[in-house]
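[1] Kindly return the folded structure for what I paste below:
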Amino acid sequence: MYAKAAILGIKYWKEVLTACLLLCLLLFIVFFGGLPSQSRDVHVVTPEVRQWEPIVRDAAKKAGLDEKYIPVLLSIIMQESGGTAADVMQSSESAGLPPGSITDPAASIQQGVKHWKNMLQTAEKLGITDLSTIIQSYNYGPGWLYYIKEHGGVGTEELNKQFSIAHTKSASCGWRSPYCYGDYTYSAKVMRYLDRMQGSLSGDSLFQQVMGEALKYEKWPYSWGGETPSTSFDCSGLMKWAFAAAGVHLPRTAEEQYRYTTRITEKELRPGDLIFFTGTSNHAFISHVGLYVGNGMMYNSNSDGVGYSDLNKPVWREKIYGYGRIPAGGS
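    Next up is the predicted model:
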């Protein structure tokens, strides 16, 4: 019997080897949760967070906050929940409620923005200007700012730990033990997200990168469905390709790009923003997109080919539907 099995094994050795490899792969998946994933930048603010930007902007505007704090608030959301929890800014406690009491993301953002504004006002009253120190107060509360006022006005990890020890009521809290009040590493984590958001994708830098790529294809023919140099480009294909060169991965169609971007007014337009049109063809409601380059001009791919177009001409002016800005930290 064993001799017969050995003969069959030799005859079908390829099949036996394949079966063994598949079995090993199955065991790996069962015990280790899947194949190794590609490395990724863990400090990137994700689409799950960026989806809340319109609500954050609206809440900040109503609270009278400067627009410069939008990236800060988005970075806080990234740290607090990754954008997926109902209490998306983990702001229940700042309202005097038990953790997780707020179950509406919009209400969480409104309370989180209110809490952030209170921290800013407290810091201003105390003469504290260091942003990282103020960010730590979102986690520690206003008492942290009064503590720092008496300890040099700028937070450090050691001061974070001292404040935590002074307020902790628990002897053990996992990796943070014995610093069990809040998270003494909170500001450092938020600042990493913020630094990424305010890095290479700042306005002028982003525009220069996008235009540097888009200008390579000036006077190329329009190509319906085209999205690479091998096919030439349609309007949204050109935007997708050019922004990808700057590390921003836009959706494919003009309508999808419209939904992806943040709404702005014509007065807020700056080079690098997108302009959306309706009625230029019957294939979709939002049927065209172009890149604003300043001075009433856009760069786009239309039936005349890839190049500049004057937005003041009726053929364009009368069909403008709206304006969009790439979300902070878009990737």
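[2] Helices along the stretch 51-200 of the chain, start to end?
    With helices called from DSSP state H, counting those that start in this stretch, the stretch 51-200 of the chain shows them at 53-62, 70-80, 105-126, 131-140, 142-149, 157-167, 186-197.
[3] contacts for the longest one?
    The set of residues external to helix 105-126 that reach it, using C-beta atoms under 8 Å, 6 or more residues apart in numbering, is 52, 55-56, 59-60, 63-65, 69, 72-73, 76-77, 80, 86-92, 94-95, 102, 129, 133-134, 137-138, 142, 145-146, 148-149, 153. Quick note: C-beta positions are derived from backbone N, CA and C, even for glycine.
[4] Name the residues of it that are buried.
    Neighbour counts over helix 105-126 (16 or more other C-beta atoms under 10 Å) mark 105, 107-120, 122-123 as buried.
[5] That helix: how far from the chain's middle?
    21 Å (C-alpha atoms, centre = their mean, to the nearest Å).
[6] can you give me the angle it makes with helix 70-80?
    Orientation of helix 105-126 against helix 70-80 (axes from the mean of the first three to the mean of the last three C-alpha atoms, to 10 degrees) gives an angle of 120 degrees.
[7] can you count the residues close to the closest residue to Gln90 other than its chain neighbours?
    For Gln90, ignoring the flanking residues on the chain, the nearest one in space by C-beta to C-beta, 6 or more residues apart in numbering is Glu80 at 4.1 Å. Other residues lying near Glu80 total 21 when counted by other C-beta atoms under 10 Å.
[8] ok, Glu80 touching Ala86?
    No. Between Glu80 and Ala86 there is no contact under C-beta atoms under 8 Å: 11.8 Å.
[9] where are the low-confidence patches of this protein?
    Within the chain, the ranges that satisfy pLDDT under 70 run 1-44, 196-204, 328-331.
[10] That one: strands as residue ranges?
    Here the chain has its strands, by DSSP state E, at 227-228, 232-233, 262-264, 274-278, 286-294, 297-302, 305-310, 320-325.
[11] Run through who's touching the fifth one.
    With C-beta under 8 Å, 6+ apart as the test, strand 286-294 has contacts from 210-211, 214, 235-236, 239, 242, 254-255, 257-258, 269-281, 298-300, 302, 308-309, 319, 321, 323.
[12] on that earlier part again, let me have the strands of the chain in TSV, extended by distance to Tyr186 and mean neighbour count.
    Formatted as TSV, the strands of the chain follow (distance: least, C-beta to C-beta, whole Å; neighbours: other C-beta atoms under 10 Å):
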stretch	distance to Tyr186	mean neighbour count
strand 227-228	42	14
strand 232-233	45	24
strand 262-264	27	15
strand 274-278	35	22
strand 286-294	38	22
strand 297-302	42	23
strand 305-310	47	17
strand 320-325	29	18
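[13] which one of these lies closest to Cys173?
    Relative to Cys173, the nearest member of the strands of the chain by C-beta to C-beta is strand 262-264, separated by 37.9 Å.
[14] Quick check: which of the strands of the chain is nearest to Ser164?
    Comparing the strands of the chain by C-beta to C-beta, strand 262-264 comes nearest, at 36.4 Å.
[15] Neighbouring strands - and their directions - for that closest one?
    Paired strands of strand 262-264, with direction, are strand 320-325 (antiparallel) (DSSP bridges).
[16] Now do the strand it pairs with and strand 274-278, the angle between them.
    Going by the same axes, to 10 degrees, strand 320-325 makes 160 degrees with strand 274-278.
[17] Run a quick neighbour tally on Thr129.
    11.
[18] What sits closest to Leu311 if chain neighbours are left out?
    Gly296 (5.0 Å).
[19] That neighbour against Asn312, yeah?
    Yes. The pair Gly296 / Asn312 is scored as a contact, 5.2 Å apart, by C-beta under 8 Å.
[20] more neighbours, those two?
    Legend: neighbour count by other C-beta under 10 Å for Gly296 and Asn312, higher for Gly296 (14 against 10).
[21] Now Gly226: phi and psi?
    Phi and psi for Gly226, reported as degrees, to the nearest 10, are phi -80, psi 140.
[22] and it, what does it touch?
    Applying C-beta under 8 Å, 6+ apart, the residues near Gly226 are Ser232, Phe233, Asp234, Gly237.
[23] and the first one, how far is that from Leu206?
    With the distance defined as C-beta to C-beta, to the nearest Å, Ser232 ends up 24 Å from Leu206.
[24] Equivalent analysis for Val113, please.
    For Val113, the distance to Leu206 - C-beta to C-beta - is 26 Å.
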